[in-house]
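Visitor: need a structure here:
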Amino acid sequence: MTPNTLIIGIDIAKHPHVARAQDYRGIEMGATCYFDNTQEGFRPFIGWIHQLKESCKMESVITGMEPTGHYWLN
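Guide: Numbers count the residues shown, from 1 in each chain. Now for the predicted structure:
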């Protein structure tokens, strides 16, 4: 992880899913992204990541979500 890494956290327990972005210091970047658990819902999520990466001048992206509890259903 570097200062040029965009960090995406995804809450998949929500319907629709909710994603937020931050930099390595924890400073929030961009607006919240809401997307459905479908292929059609995933496309805008990927577009949101690419837009943030470009607008915030980031070189790489790390995404994360919690894979425990009922989350595996999605």
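Visitor: Quick check: next helix or strand after whichever strand or helix holds Lys53?
Guide: Using DSSP states H and E, the element containing Lys53 is helix 39-55. Following helix 39-55 in sequence order, the next helix or strand is strand 60-64 (DSSP H and E).
Visitor: which strands and helices sit next to that next one?
Guide: Counting by 3 or more Cβ pairs under 8 Å, 6 or more residues apart in numbering; DSSP states H and E, the packing neighbours recorded for strand 60-64 are strand 5-11, helix 39-55. C-beta here means a position set from N, CA and C on the backbone, and glycine is covered the same way.
Visitor: Go through these and pick out the most buried.
Guide: Highest mean neighbour count among these (mean count of other Cβ atoms under 10 Å): strand 5-11, with a mean of 17.
Visitor: That strand to helix 39-55, inter-axis angle?
Guide: Strand 5-11 and helix 39-55 are oriented at 150 degrees to each other (axes from the mean of the first three to the mean of the last three Cα atoms, to 10 degrees).
Visitor: Sheet partners, orientation included, of strand 5-11?
Guide: Using DSSP bridges, the strands paired with strand 5-11 are strand 17-22 (antiparallel), strand 60-64 (parallel).
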